[in-house]
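Q: got a predicted structure here, sequence first:
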Amino acid sequence: MGQLSITSVIKDAAWETMRHWKHLLHALILPAVVLSLFELAAFRFRNSGQVILLFTIASIPVYVLYAVSCHRIILLGHDSLPNRWGIYWTPRESRFFAWSIGITLLVTFISLALFPVLMAAMKLFPESPIPVIPIVMFVPVGYVISRSSMVFPITALGQKSDLASSWELSKRNGWRLTIALAAPYIFLESLRRCYAFISSNEESALSYFFVALWLLLVSALEVTTLSVAFRKLSDLQDVQPTS
């Protein structure tokens, strides 16, 4: 099996985002507006944990539509969507939703299992110049997420997916995949930090809404990177994606 090119994945993801920007905008704008409204509502009721939890739960199905539409546009073309505005629900989206919950629970379990290790590392190296938390927590968790994440484009294509298939597809390319998928995450996290700075200094609801909307649309790059990585890994194993 060949090796995944990290540079190629990042470059192709940027290119695919630009090449399909009109269709991505059509399919993602309505879900992004709804999610931004949820973010705005959570901001307004930020002192109520119950309300924030309610909006968080309500946002998950919308995120599913957002992600599935992006995967299908990149891998199959915009004609594969039931409608151009990305508002629909099929058994495919239900399976994607189930995997979203499943991967979240898996990551939560791993994080809890690593917590004692993190505490021990912080006690052993209390003044270490090397950041202990990212190494102990984010690196292994990021690796598991990356190896498991192939279930999402597979499911978006309407194919049968499982964790074993995802790990088999990314075999011998695990760390390359992790690095490739981390690049857009780091980029988006930098934008989110700017967003946090803006929102802490600007209480305008309108500015909060538009910053949230813009960040969501930019986050299509993250899903596109996963689609491109899946396509390249499929090519390395001579697996042809089908609808």
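A: Sure, I can see it. Numbers count the residues shown, from 1 in each chain.

Q: ok, Met150 - contacts?
A: Going by CB atoms under 8 Å, 6 or more residues apart in numbering, Met150 touches 161, 165-167, 169-170, 230, 233. Where you see a C-beta, it was placed from the backbone N, CA and C, and this is true even at glycine.

Q: one more time with 7 Å
A: By CB atoms under 7 Å, 6 or more residues apart in numbering, Met150 lies in contact with 166, 169-170, 230.

Q: give me the phi and psi for it.
A: For Met150, the backbone dihedrals are phi -60, psi -20 (criterion: degrees, to the nearest 10).

Q: how about the nearest residue to Thr90 once chain neighbours are set aside, secondary structure?
A: Nearest residue to Thr90, sequence neighbours excluded (CB to CB, 6 or more residues apart in numbering): Pro82, at 7.1 Å. Assigned with DSSP: H, G, I helix; E, B strand; the rest coil, Pro82 falls in the coil class.

Q: how near is Val141 to Thr225?
A: Per CB to CB, to the nearest Å, Val141 is found 18 Å from Thr225.

Q: who's more crowded, the two?
A: Neighbours were tallied for Val141 and for Thr225 using other CB atoms under 10 Å; the higher tally belongs to Thr225 (25 against 17).

Q: picking up where we left off before, phi, psi of the residue nearest to Thr90?
A: phi -60, psi -30.

Q: do I have it right that it meets Tyr88?
A: Yes. Counting by CB atoms under 7 Å, Tyr88 is a contact partner of Pro82 at 4.2 Å.
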